[in-house]
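1. Could you work out the structure for the sequence below:
(chains A and B)
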Protein chains: 2
Amino acid sequence: VPLSRAVRCICIEISSRPFNPKALEKLEIIRPSQSCPRVEIIAQMKKSKEKRCLNPESETIKKLLKAVSKKRSKRTP
Amino acid sequence: VPLSRAVRCICIEISSRPFNPKALEKLEIIRPSQSCPRVEIIAQMKKSKEKRCLNPESETIKKLLKAVSKKRSKRTP
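-> Residues are numbered from 1 along each chain as shown, chains lettered A, B, ... in the order given. Here you go, the predicted structure:
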């Protein structure tokens, strides 16, 4: 008999407060798994070290993720 | 007199080995800061829990990051 699996998502609440992308230190992206069925995005703020769950669908996230892969190509001439 | 700052990047070596994006559990994106001048992308593998530094410029990363913000919009009709 298989044991029932507990859902253990990290994010309980998704923040919709706007934030300054420059205040961001780290972004964690956790893929859907057996413990949590959805993508989770956790942002850590630079000064406060506060962690905040973000909506993967939000425009801010889309822009941030685009910026990550663009950043270095600007450096190469 | 300002003290010299030590560079403390997390990634020493960037992996160029191809990998299956489905084997990925977590992706950490760390923005450039005073301790490290470049974007760092650290991937954690699902089974081995092995951590690997990836090149933000690579096609795999670009595709992965795109997939993150696309995933949920597929679910909404």
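
2. Report the distance from stretch A:48-59 to the chain centre.
-> Relative to the chain's own centre, stretch A:48-59 is displaced by 5 Å; criterion: CA atoms, centre = their mean, to the nearest Å.

3. Quick check: mean pLDDT of it?
-> Model confidence over stretch A:48-59, given as mean pLDDT, is 90.

4. Buried by neighbour count: which residues of stretch A:51-58 qualify?
-> Buried positions in stretch A:51-58, judged by neighbour count with 16 or more other CB atoms under 10 Å in any protein chain shown: A:52-58. (Each C-beta comes from the backbone N, C-alpha and C, glycine too.)

5. My error: substitute stretch A:58-75 in the last question.
-> When neighbours are counted by 16+ other CB under 10 Å, the buried residues of stretch A:58-75 are found to be A:58, A:60-62, A:64-65, A:68-69.

6. quick one: which two of the buried residues of stretch A:51-58 are the most distant?
-> Greatest spatial distance in the buried residues of stretch A:51-58: A:Arg52 and A:Glu57, 15.5 Å, computed using CB to CB.

7. and A:Pro37, what does it touch?
-> A:7, A:9 (CB atoms under 8 Å, 6 or more residues apart in numbering or on different chains).

8. Residue numbers of chain A in contact with chain B?
-> Counting by CB under 8 Å from any CB of the partner chain, the positions of chain A adjacent to chain B are A:24-33, A:38-39, A:41, A:46, A:56-57, A:61-62, A:65-66, A:68-69, A:71-73.

9. The residues you listed in strands, which ones?
-> Members of these lying in strands (criterion: DSSP state E): A:24-30, A:41.

10. what ranges do the helices span in chain A?
-> Under the criterion DSSP state H, chain A contains helices at A:59-75.
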